[in-house]
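Engineer: Next one to model:
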Amino acid sequence: MFSKYWYNFFGAAIHYGGMIGSCPFGWDWEENRVIAVKWREWLFQFIFLMVYAPYVSVLMTVKVIYYHAIEDYRSLALMYGLWNWAAMIFLVGLLQIIYGHDIQRCINEFFEYSETFEDAYITRKKKCEFKRKIWMLDIMMTAVGVIIGLEILATSTHHAFFPHDPAYPASLITKEDFTTSMFIALASFYFCGQCVVCTLIGLQVAAVTNFMFVVTLIILPEFRTGRKSRYITVAHLRTFQKLPLAYRTLQILFTMFMDIYGRLLIPLQTLCTNQILFCNFILLTRWEEIDVLHRIILIFWTMITMGGWTGILECSGTLFLVGARTLTSWKHWNWGTPWRNMYMKKFRRSSQPIRVHHGSCYTIRKSTVLEFCMGIVRDTFRIMLIDK
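Structural biologist: Now for the predicted structure:
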């Protein structure tokens, strides 16, 4: 179901990302599958637990407390915002360490299911229409790669021009003691660190967004009966012989997927909310006390966090709507005989709609994105009133 370009791009990210310690997996170029490589797992755990975690937990926390005590709002805003970003990255990396083998198995089984689905049910006449949908995956993967490259370039350039900003280790060194060789060493260290972090986040974004895109816009609508729009799959898929097996397999795969990544929903939404509210607070109440560069940084953080999370909520809400409508469509469909109708009725009652959720405590619905945006606006006014 994925193009050769997509497989090569994803495989290259995993292969070369594992060599720098940002991914605990390897890539089989012949089978296009994720494989377990022991030394990459050890390298990833070493870099994450021995380098990244102490830096986040000690240095950045101490700096946030220090700048808050002296009421340096420019430095406090930068450090607190980076602390939120670092906490998000820490959660993603910790998930890789704990559920690495489950993530590998889930990705490989989804690749196998999508390829089997394409070979068995997509007709030759609809191949062109199917490829028009698939090219969007290539654009999404390319966009992830471009964003990663721009992020590495932007942060490294910022470090080169502003080495004494509180975000960097060089801020602990006075300008008199700061030499050219020390600058090169710190710039190289930060550049390598950004490569590791951006590749780690980019791989997660690529896997999650492409999985959601394929399920939401390509596979799941084909199970819906009575659609007025054209199908790209054979009609035999929507019979009582084929549909239960194909749908149940997809449901099990998505359940495995949510058992892993569903644990991040509540913590990530909390951190995104915290990031947006703090940036809004500093921008609205301390506008005159921060310089132009850090105003731009805070505005950028607000836009990218708000846009990214609302995009995830919108896609998840669409998946919830499509999943509910798919099960509802079976209720009013005539499957041929009374026995078949009874069989599909029992199957429908035993099936759960495919949706983004964490257990039974949190489910992303179509209205969740509106609730999130309204909550951001409401809480921004609240913190401004508290400050006054």
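
Engineer: Please make it C-alpha for all contacts and neighbour counts, starting now.
Structural biologist: Noted.

Engineer: What about the closest residue to Leu91 other than its chain neighbours, how many residues nearby?
Structural biologist: Closest residue in space to Leu91, ignoring its immediate chain neighbours: Leu264 at 7.4 Å, by C-alpha to C-alpha, 6 or more residues apart in numbering. Applying other C-alpha atoms under 10 Å, we find 17 other residues in the vicinity of Leu264.

Engineer: my guess is Leu264 is in a strand, correct?
Structural biologist: No - checked against DSSP: H, G, I helix; E, B strand; the rest coil, Leu264 lies outside a strand; its state is helix.

Engineer: what about it, distance to Leu253?
Structural biologist: Distance of Leu264 to Leu253, computed by C-alpha to C-alpha, to the nearest Å: 18 Å.

Engineer: now swap in Ala143 and tell me
Structural biologist: Ala143 sits 26 Å away from Leu253, going by C-alpha to C-alpha.

Engineer: Settle it for me: which of those two has more neighbours?
Structural biologist: Leu253 (17 against 13).

Engineer: Got the phi and psi for the nearest residue to Tyr7 once chain neighbours are set aside?
Structural biologist: Spatial nearest neighbour of Tyr7, chain neighbours left out: Asn32 (6.6 Å); criterion: C-alpha to C-alpha, 6+ apart. Phi and psi for Asn32, reported as degrees, to the nearest 10, are phi 60, psi 60.

Engineer: do Ala36 as well
Structural biologist: Phi and psi for Ala36, reported as degrees, to the nearest 10, are phi -90, psi 130.

Engineer: same thing with Asp28?
Structural biologist: phi -90, psi 110.

Engineer: got the contact list for it?
Structural biologist: Residues near Asp28 by C-alpha atoms under 8 Å, 6 or more residues apart in numbering: 11, 34-35.

Engineer: Which ones among those residues map onto strands?
Structural biologist: Using DSSP state E, the members of the contacts of Asp28 that fall in strands are 34-35.

Engineer: Of the contacts of Asp28, which is the most crowded?
Structural biologist: Neighbour counts for the contacts of Asp28 peak at Val34, which has 22 neighbours (criterion: other C-alpha under 10 Å).

Engineer: Surely that residue touches Ile103?
Structural biologist: No - if you go by C-alpha atoms under 8 Å, Val34 and Ile103 don't touch, sitting 9.5 Å apart.

Engineer: before we move on, back to that, state the distance from the residue nearest to Leu91 to Phe90.
Structural biologist: From Leu264 to Phe90 the distance is 11 Å (C-alpha to C-alpha).

Engineer: Quick check: which ranges of the chain have low pLDDT?
Structural biologist: 156, 158-180, 182-183, 186-187, 190, 228, 387-388 (pLDDT under 70).

Engineer: Please enumerate the helices of it.
Structural biologist: 4-19, 38-46, 53-54, 61-69, 73-98, 100-121, 127-161, 180-213, 243-261, 265-285, 292-331, 338-350, 368-387 (DSSP state H).

Engineer: mind listing what the nearest residue to Met19 once chain neighbours are set aside touches?
Structural biologist: Distance criterion C-alpha to C-alpha, 6+ apart; nearest residue to Met19, sequence neighbours excluded, is Arg40 at 7.0 Å. By C-alpha under 8 Å, 6+ apart, the residues touching Arg40 are 18-19, 21, 23-26.

Engineer: Quick check on the residues you listed: which are buried?
Structural biologist: 18-19, 21, 23-26 (16 or more other C-alpha atoms under 10 Å).

Engineer: neighbours around Gln269, how many?
Structural biologist: 16.

Engineer: ok, the closest residue to it other than its chain neighbours - how many residues close by?
Structural biologist: Excluding the flanking residues, the one nearest Gln269 by C-alpha to C-alpha, 6+ apart is Trp309, at 7.6 Å. For Trp309, the neighbour count with other C-alpha under 10 Å is 17.

Engineer: next one: the one 3 residues further on
Structural biologist: By the measure other C-alpha under 10 Å, the count of residues near Ile312 is 16.

Engineer: measure it to Phe372 for me?
Structural biologist: Distance from Ile312 to Phe372, by C-alpha to C-alpha: 12 Å.

Engineer: Also Phe281?
Structural biologist: Distance from Phe281 to Phe372, by C-alpha to C-alpha: 17 Å.

Engineer: For these two, indicate the residue with more neighbours.
Structural biologist: Between Phe281 and Phe372, Phe281 has the larger neighbour count (other C-alpha under 10 Å), namely 20 against 17.

Engineer: So the more buried one sits against Arg382, correct?
Structural biologist: No - using C-alpha under 8 Å, Phe281 is not in contact with Arg382, being 10.0 Å away.

Engineer: okay, now the nearest residue to Phe2 once chain neighbours are set aside: neighbour count?
Structural biologist: Leaving aside its sequence neighbours, Phe2 sits nearest to Ile134 (C-alpha to C-alpha, 6+ apart; 6.9 Å). The local packing of Ile134 (other C-alpha under 10 Å) involves 18 other residues.

Engineer: Give me the distance between Ile134 and Lys127.
Structural biologist: Distance from Ile134 to Lys127, counting by C-alpha to C-alpha: 10 Å.

Engineer: same check, this time on Val215
Structural biologist: On the measure of C-alpha to C-alpha, Val215 and Lys127 end up 18 Å apart.
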